[in-house]
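Peer 1: From the sequence below, what's the structure:
(2 chains)
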Protein chains: 2
Amino acid sequence: MTTVELGHRFGTALLRLLDGEGQPLAHRDVVVEQRTHAFSFGNIGFDLVAVANGRTESAGLADLWFGVFNTATLPFYWGQFEPEPGRPDTARLRRAAEWFTGHGCQVKGHPLLWHTLAPDWLRELPTDEVETRVRARIRREVAGLADVVPMWDAINEAVIMPVFRNEPHRNAITQLAWDRGRIATVRLAFEEARAANPAATLVLNDFDMSSAYECLIEGVLEAGIRVDALGLQSHMHQGYWGEERTLAVLDRFSRFGLPIHMTETTLLSGHLMPPEIEDLNDYQIPSWPSTPEGEERQADEIVRHYRTLLSHPAVQAITYWGLSDEGSWLGAPCGLVRTDGTPKPAYDALRELVKEQWWLAPTNLRTDDAGRVEVRGFLGDYGVHCAGRTASFTLAAPGEAQTTLRLDGQSAR
Amino acid sequence: MTTVELGHRFGTALLRLLDGEGQPLAHRDVVVEQRTHAFSFGNIGFDLVAVANGRTESAGLADLWFGVFNTATLPFYWGQFEPEPGRPDTARLRRAAEWFTGHGCQVKGHPLLWHTLAPDWLRELPTDEVETRVRARIRREVAGLADVVPMWDAINEAVIMPVFRNEPHRNAITQLAWDRGRIATVRLAFEEARAANPAATLVLNDFDMSSAYECLIEGVLEAGIRVDALGLQSHMHQGYWGEERTLAVLDRFSRFGLPIHMTETTLLSGHLMPPEIEDLNDYQIPSWPSTPEGEERQADEIVRHYRTLLSHPAVQAITYWGLSDEGSWLGAPCGLVRTDGTPKPAYDALRELVKEQWWLAPTNLRTDDAGRVEVRGFLGDYGVHCAGRTASFTLAAPGEAQTTLRLDGQSAR
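Peer 2: Residues are numbered from 1 along each chain as shown, chains lettered A, B, ... in the order given. Model (predicted):
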């Protein structure tokens, strides 16, 4: 395990605790505890949409999910979301988003525009009409769910979009991107989403870690398109990248001064996909088991990977791509939970990182003469209990901040 | 050999020939002959710089060069051109450019900005100063040689430029591109060159045929940078691309509506470089012979390649990268002439294409009652001889054009 610096993930609060009358709570016992992470530890919530809608039992999966994660990515693949024009699956997804929000999670929608899983009914339309439909669909989803889905992959895989060929019939989005160009297609997605919800966090997302994505980003930014975060997929079905490659990728993509979201992260607990496979979707096998050795490797790698990612100040979010192996992408054992519902070592290792190593458990402190106490912790929201009362505060940024809290439950400065 | 359509390379002139008094030259014998090609059949003229400067004998190489080619690329590699700051090699290159121009050729300079072969003396300078020097160097070359060098590779290999690592010490241009970004670096090269010679043809040149180059082009065009032609290198040291790949590349890069220059074309007449070599410069062997089988293959491939390229209307120029194997890049047998000065089969095959199949040799025709005669030929300049006099005309564009010529040597409409 490498040594990494996480100083930029920590903040220090110099709390001054006052009672209801504004008098210092001097020489008192205090308990401080972390409530949330500022960092976005995400996972897909696809499997829990039915649970959230009360259609199936979660069989413990929801507890495992909430045991680690605080950001849920929900599926808005257009072809599945709106298989018949005009009949979108909005109500079901809204309930799922509300359910996650109710559990204290942030919700992200994926993706607004993508060539794969585009509706077949788009295919026969002329490009102008496709563009009109794309714009309307983006507006509908982003505006209609603005209260519960504040973050979106605005466009997915724009680098390959106009030249994508790995499909029996050409989809309409590839044709659109070919006719209009990548940047124009990125622009229309961001433009519509931004107009529909100016407060949304809009992500440019890609799996292409080569210079092609760098060039696209440069062009998009030169074209004046406002991007809130760069999404980097990192499905590691062909093997863990390792620290060096991961840091080199972060170095290249942090150059643009934008936050980085590691949007689709997977590590396998079984055999790896052969390196000669170019499009991961082309590797289809009947059974892809999780193995004891693979599970140990996965646990080791997930810790190394998360440590490496958090060591880089530009990284703001990591989304792991799947909790259970049941129904996982490509049937790969990339989940953190086995098909029988038991957690793999990687689950425990990640939980230990996120909720123990990088988490301030309830901690006993004592105030000084002036009612002051110093708290250092991972950036996020905290509660402080003293003299039978509770207040909350936030470690919002690295460095020290002074905060005065009245323990009638309200904060003051 | 595939069948290709070259209709877009041909024009038809309906000539009406008049005598000095304006009377039709009816029922006369006429000889029409092609003088130049509109298409740019280029080669590097590096080996002939010394010949042009009267320092060595050409040993027949110049005759072989002019036997096929009409556009000479001359070397302006900054580190070699100006090894000491303030002492550029301008006079020698100017004489070479004048010599080629005097032989009826167009001259192109390569390259104005490139990370490889950048001067070592730039390395210690801060980025702002590097930018100032780059701008001054571009202005100096483009303005100073505007009368004899009307075409430039304004920037070479911008895709890899900011992330280039295959060198012992980081060069200053890579650092500049890293700090400023690719598009900003492309902009400064084009901006300075354009200002120095507004009439110049400025080429964006790259070896990267992947989506990365497409993305860069999109970004450059979105940023409003005026590019006159897209340069596509095609060093085929690892094997001939074949028709299918070549046409697919042209399809992708012609999408931007710009002329395409195939700027650095090579085909080997010896064994191929192993496919696992990523940077061709890494393959260094003591001897790389031209072989009889290799020469036959090269001749076959050069004909197929040039036919394929000319079949695509976007292609405006092809530059073969080297005439002789003597001193060739990487010592590869990519020349059209052996080290002993004898032409390989590929030379003869290319000459046969360019100066026979795609060339109107002196042709006997006869005018009608009205002095008219129809000429169909490859686009370019032509001479017409009749009644002891000569006039010239140009087939400038595909399709038919009517031209009235007075055979006192002046043309009229």
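Peer 1: Name the residue of chain A with the shortest distance to chain B.
Peer 2: When you check chain A against chain B by Cβ to the nearest Cβ, the closest residue turns out to be A:Gly219, at 2.2 Å. All C-beta spots, glycine's among them, are computed from the backbone N, C-alpha and C.
Peer 1: can you pull out the helices in chain A?
Peer 2: Remark: helices assigned in chain A by DSSP state H are A:48-52, A:61-66, A:78-81, A:90-102, A:127-144, A:172-180, A:182-196, A:211-222, A:243-253, A:292-311, A:345-352.
Peer 1: deepest of those, which one?
Peer 2: For the helices of chain A, ranked by mean neighbour count under the definition mean count of other Cβ atoms under 10 Å in any protein chain shown, the leader is helix A:211-222 at a mean of 24.
Peer 1: what's that helix packed up against?
Peer 2: helix A:182-196, strand A:201-206, helix A:243-253, helix B:182-196, helix B:211-222 (3 or more Cβ pairs under 8 Å, 6 or more residues apart in numbering or on different chains; DSSP states H and E).
Peer 1: A:Arg255 touches B:Trp178, doesn't it?
Peer 2: Yes. Here A:Arg255 lies in contact with B:Trp178, judged by Cβ atoms under 8 Å, at a distance of 7.3 Å.
Peer 1: residue ranges with poor pLDDT in chain A?
Peer 2: Applying pLDDT under 70 to chain A flags the ranges A:1-4, A:409-413.
Peer 1: One more pass at 90, please.
Peer 2: A:1-5, A:20, A:55-59, A:165-166, A:168-169, A:278-279, A:327, A:387, A:407-413 (pLDDT under 90).
Peer 1: which parts of it sit against chain B?
Peer 2: A:159-160, A:162-163, A:178, A:181-183, A:208, A:210-216, A:218-220, A:222-223, A:252, A:255 (Cβ under 8 Å from any Cβ of the partner chain).
Peer 1: that older thread, apart from its chain neighbours, what residue comes closest to the residue of chain A closest to chain B?
Peer 2: Of all residues not flanking A:Gly219 in the chain, B:Gly219 sits nearest, at 2.2 Å (Cβ to Cβ, 6 or more residues apart in numbering or on different chains).
Peer 1: residue contacts, the one you found?
Peer 2: Neighbour list for B:Gly219: A:183, A:215-216, A:218-220, A:222-223, B:182-183 [criterion: Cβ atoms under 8 Å, 6 or more residues apart in numbering or on different chains].
Peer 1: and if we set it to 6 Å?
Peer 2: For B:Gly219, the contacting residues are A:218-219, A:222, B:183, by Cβ atoms under 6 Å, 6 or more residues apart in numbering or on different chains.
Peer 1: And A:Phe393, by the same measure?
Peer 2: If you count contacts by Cβ under 6 Å, 6+ apart, then A:Phe393 has A:13, A:382, A:403 around it.
Peer 1: who does it bridge with?
Peer 2: The residues paired with A:Phe393 through beta bridges, assigned by DSSP bridges, are A:Tyr382.
Peer 1: again with A:Ser40
Peer 2: Counting by DSSP bridges, A:Ser40 forms beta bridges with A:Ala317.
Peer 1: what's the neighbour count on it?
Peer 2: Taking other Cβ atoms under 10 Å in any protein chain shown as the criterion, the count of residues near A:Ser40 is 22.
Peer 1: What's the separation between it and A:Phe69?
Peer 2: The span separating A:Ser40 from A:Phe69 equals 9 Å under the rule Cβ to Cβ, to the nearest Å.
Peer 1: any shared contact partners between these two?
Peer 2: When contacts are counted by Cβ under 6 Å, 6+ apart, A:Ser40 and A:Phe69 have no shared neighbour.
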